Structures are given as structure tokens and as C-alpha cells.
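Participant: Give the three-dimensional model of this entry:
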Amino acid sequence: MKIGNIVSLMHNDTFFRSEEFQRIIKDIKKVLKSIEHPKDSGGFFLLDQRPINETTPIVKVLREKLILLGWGKERRIKDPLDYPKIKMDASLQLESGKFFGVEFLAGNISFAHRSVNRMKKGISDGVLEGAILIIPSKTMSSYLPDGVANYQEIEPYIEVMKDNTFEGTIIILEIEQDGLKHDIEPEKK
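Facilitator: Residues are numbered from 1 along each chain as shown. Coordinates of the predicted model:
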């Protein structure tokens with residue numbers, strides 16, 4: 001899997017420079033670059049048909065590989081008062097007791113805005129230290145189900161999404177398949 005643009009919407013300088021954050025970035029990049037589809041293909045390939053490829057297998061493999069690196073599976077992250085419940089595809093509990101979340105965007109542009117707002121809410125409530133939103137490129141999204149947003153679609157809104165009023169870190173990371181193949185079995189949800 002190729003990694004494209006990496007954009008910081010906001011970041012806490014101390015955490016951004018910390019060993020914990022460097023580990024998070026290293027884990028995410030390592031996992032994304034190691035995802036193979038189909039299995040043992042040496043890369044991440046999509047079926048060369050539009051829009052037939054499902055996002056569920058991407059999220060499943062991403063989650064499984066992060067778990068092998070010590071991350072938690074998909075769960076609702078809650079504060080001691082059991083509110084708010086913030087669902088992330090994977091999360092890592094930090095030394096501070098807060099979490100760092102990862103979410104793969106599998107919905108439309110409204111989902112992207114909601115994901116970022118949910119991350120900001122988790123930060124403002126002291127539950128999250130930060131999160132990464134993984135978004136497919138325009139090329140990749142054209143092979144995914146209709147309506148899946150892409151980095152180029154959200155790019156015009158990045159400036160208004162940036163926010164330095166919170167003490168947290170939110171990153172948008174763009175991904176793209178290594179290529180297309182004609183002989184891949186279509187994935188089921």
C-alpha cells in the first residue's frame with residue numbers, strides 16, 4: 001500500500017515530538033506498507049472493476065496487524081463517567097492513560113467531517129491524546145463502493161478543519177493501492 005499526503009490538522013508539540021508518537025507513526029506506516037491483497041501478492045492490489053472492491057477487508061487487516069503490535073481492537077473508548085463513547089477502528093492506550101485512535105474512512109465526505117469532530121470531542125473530553133484518519137486517494141476510491149470519500153475531495157476543507165484550540169493531535173493520512181489486477185476474487189463484506 002502506498003502512503004500519500006500526511007497532513008496535521010492539529011498537534012500538541014510535546015506529544016508530536018515524543019517517542020510514543022514516533023512509535024505510533026512507525027506502527028501505522030509499517031502496517032499500511034505490509035498489507036497484502038490478495039494474500040502473498042507482494043503488495044496491495046484492487047480488482048480492476050469499478051466500484052466493486054469492499055473497504056471491510058482493508059479495515060480488518062489494518063486492525064489485525066495493529067493488534068499484533070500491541071494496539072487494541074475496535075472498541076468504544078470511554079471516560080470514567082461512561083460518556084462520550086468514541087468508536088475507533090483501533091486504539092493504543094498511552095502511558096498517560098489516554099488513547100490514540102486510528103480510523104479508516106469507509107464513508108462519504110460527511111463521515112470524514114464527523115470523524116474529525118468525534119476525534120476533537122474525544123480530545124476536548126480528555127479521552128484521546130489524538131487520532132489518525134486514514135483516507136483513500138481519489139484513484140483508490142474510484143474502485144471502492146460509490147460514495148467513499150477521498151483525500152482530494154476533503155482537501156479543500158483542510159484549512160477550516162485545522163484547529164489549535166485543543167491540546168491534541170489529529171492527522172489525515174492518504175493511502176493508495178499498489179496497483180490493479182484482473183484476476184482477484186471480489187471481496188465480500
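Participant: all contacts plus neighbour counts: C-alpha atoms, from now on.
Facilitator: OK.
Participant: can you pull out the helices in the protein?
Facilitator: 13-16, 19-34, 56-68, 109-124, 138-141, 151-154, 158-161 (DSSP state H).
Participant: could those helices be laid out in TSV, adding mean pLDDT, mean neighbour count and distance to Arg50?
Facilitator: Formatted as TSV, these follow (pLDDT from 0 to 100; neighbours: other Cα atoms under 10 Å; distance: least, Cα to Cα, whole Å):
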stretch	mean pLDDT	mean neighbour count	distance to Arg50
helix 13-16	90	13	38
helix 19-34	95	15	22
helix 56-68	87	17	16
helix 109-124	89	19	19
helix 138-141	93	20	9
helix 151-154	95	18	18
helix 158-161	91	12	27
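Participant: Quick check: the gap between the residue nearest the centre of the chain and Arg63.
Facilitator: Closest residue to the average C-alpha location of the chain: Ile134 at 2.9 Å, with Cα atoms, centre = their mean. Distance of Ile134 to Arg63, computed by Cα to Cα, to the nearest Å: 12 Å.
Participant: Kindly report the same for Phe104.
Facilitator: 10 Å.
Participant: give me phi/psi at the residue nearest to Thr55 when sequence neighbours are not counted?
Facilitator: Spatial nearest neighbour of Thr55, chain neighbours left out: Ala106 (6.2 Å); criterion: Cα to Cα, 6 or more residues apart in numbering. Dihedral pair for Ala106: phi -120, psi 20, per degrees, to the nearest 10.
Participant: So Ala106 sits against Val148, correct?
Facilitator: Yes. Counting by Cα atoms under 8 Å, Ala106 does reach Val148; the two are 5.7 Å apart.
Participant: Tell me which of the helices of the chain approaches Leu173 most closely.
Facilitator: Nearest of these to Leu173, taken as Cα to Cα: helix 151-154 at 8.3 Å.
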